[in-house]
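>>> Return a 3D structure for these sequence lines:
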Amino acid sequence: MEIPVINFNDLHGEGREKTMALLHQACEQWGFYMVENHGIDKTLMEKVKQLVNSYYDENLKQRFYESEIAKSLKNKDNTSEIDWESTFFICHRPTSNINEIPKLSEDLRKTMDEYIAELIKLAEKLSELMCENLGLEKTSLKDAFSGSKGPSVGTKVAKYPECPHPEVVRGLREHTDAGGVILLLQDDQVPGLEFLKDEEWVQIPPSKNNTIFVNIGDQVEVLSNGRYKSVLHRVMPNKYGSRLSIATFYNPAGDALISPASRLLYPTQYRFQDYLKFYSTTKFSAKGPRLEAMKTMANGQIA
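Residues are numbered from 1 along each chain as shown. Here you go, the predicted structure:
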């Protein structure tokens, strides 16, 4: 299977319509896609990866192999409920905790902040494009996520260390993401990420040229009234390589009230005889306007 690739260079000029259609199809039928030519400085992205890898090697690697997770695998205990990963989480918005994480260098903190500022712009652009494809106002998703302090943004930094017995454990067990739009900067050498597509696990290749991998979370599925899907995914461990994953979550605020966009809902609570009456005069017209009119009448307004 060929994973959809959205080239931002094609959003301008003659290629825009085709690119928007590809994005819509990716959100509806796949729940994930790659973004290239996204505008984020690739030197900055390389520096983020290099600094995170160094931080892991210096501060987390030995601790992981001495952890209960590693001991469980070594002792051949039940591994069905453990994840072979070493992680920490950085909160960016509405408030940051980056200065509270032990032993992060000033260079890593500054570089990560610069990267996240650029990534938020990309997340907002993607949310606008998705809203356009859904026929919504371009800020609809951002507004729904905002709550009282704006959307929540955080990053899960993960390493999936070399695993002596990858056949008996998951790097990360099967799940969908709870939040909104997830933007992943991942390893350019070591594979492991897999998504479920048509009942088959699709292997996501390492990201060459610093493409960004994007997937949809549960809240976008709710807000789109099921049009755009969150999809099961997992990480498989590797015996010969340690995989890097820097996943940034563009999520609703904690106090955001989540509900399907009203324009995407079918009409509800109407009598079938009323629909038939309206249908008799619009049978050979387009269905969409008829349903929109019924929605208006069902809400007690004049169509």
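>>> give me phi/psi at the nearest residue to residue 83 once chain neighbours are set aside?
Among residues not flanking residue 83 along the chain, residue 172 sits closest, at 4.9 Å (CB to CB, 6 or more residues apart in numbering). In this view, the C-beta of every residue, glycine as well, is placed from N, C-alpha and C. Backbone torsions of residue 172, given as degrees, to the nearest 10, read phi -150, psi 130.
>>> Would you map the strands across the stretch 101-250 of the chain?
Remark: strands assigned in the stretch 101-250 of the chain by DSSP state E, counting those that start in this stretch are 152-160, 172-175, 181-186, 193-197, 200-203, 212-216, 233-235, 243-251.
>>> from memory residue 266 sits against residue 291, does it?
Yes - the pair residue 266 / residue 291 is scored as a contact, 6.5 Å apart, by CB atoms under 8 Å.
>>> And these two? Which one has more around it.
residue 291 (15 against 10; other CB atoms under 10 Å).
>>> ranges for the helices of the stretch 101-250 of the chain?
Assigned by DSSP state H, counting those that start in this stretch, the helices in the stretch 101-250 of the chain fall at 106-134, 140-146, 218-223.
>>> right, so of these, which gets closest to residue 50?
helix 106-134 (9.2 Å; CB to CB).
>>> tell me the angle of the closest one relative to strand 152-160?
120 degrees (axes from the mean of the first three to the mean of the last three CA atoms, to 10 degrees).
>>> Centre of the chain to helix 106-134, how far?
Computed by CA atoms, centre = their mean, to the nearest Å, the chain-centroid distance of helix 106-134 equals 12 Å.
>>> Return the set of buried residues in that helix.
108-109, 111-112, 115-116, 119-120, 122-131, 133-134 (16 or more other CB atoms under 10 Å).
>>> can you check stretch 203-213 too?
Buried, per 16+ other CB under 10 Å, within stretch 203-213: 204, 206-207, 210-213.
>>> Show me the two of those residues that sit farthest apart.
Between all members of the buried residues of stretch 203-213, the farthest pair (by CB to CB) comes out as 204 and 210, at 14.8 Å.
>>> centroid residue for the chain?
Compute the mean C-alpha point of the chain, and by CA atoms, centre = their mean the closest residue is residue 182, 2.3 Å away.
>>> Quick check: bridge partners of it?
Beta bridges link residue 182 to residue 215, residue 249, judged by DSSP bridges.
>>> Residue numbering should commence at 39 henceforth.
In the new count, where the first residue is 39, that last one comes out as residue 220.
>>> That one: what's it in contact with?
252-255, 285-288 (CB atoms under 8 Å, 6 or more residues apart in numbering).
>>> Among those, which one has the most neighbours?
residue 288 leads those on contacts (other CB under 10 Å) with 28 neighbours.
>>> How about it: what's its closest non-neighbour residue?
residue 161 is the one closest to residue 288 (CB to CB, 6+ apart), at 3.8 Å.
>>> So the one you found versus residue 258, what's the distance?
11 Å (CB to CB, to the nearest Å).
>>> Identify the contacts common to the two.
Common neighbours of residue 161 and residue 258 (CB under 8 Å, 6+ apart) are residue 219.
>>> What distance do you get for the closest residue to residue 43 other than its chain neighbours to residue 224?
Nearest non-adjacent residue to residue 43, counting by CB to CB, 6+ apart: residue 72, 4.6 Å away. Using CB to CB, one obtains 11 Å as the distance from residue 72 to residue 224.
>>> Check the residue lying closest to residue 243 once chain neighbours are set aside and give its pLDDT.
Computed as CB to CB, 6+ apart, the closest residue to residue 243 that is not its neighbour in sequence is residue 229, at 6.2 Å. pLDDT, residue 229: 95.
>>> go on, the one 4 residues further on?
Turning to residue 233, the model gives it a pLDDT of 97.
>>> who does the closest residue to it other than its chain neighbours bridge with?
Nearest residue to residue 233 in three dimensions, chain neighbours excluded: residue 271, at 4.4 Å (CB to CB, 6+ apart). On the basis of DSSP bridges, residue 271 is bridged to residue 213, residue 233.
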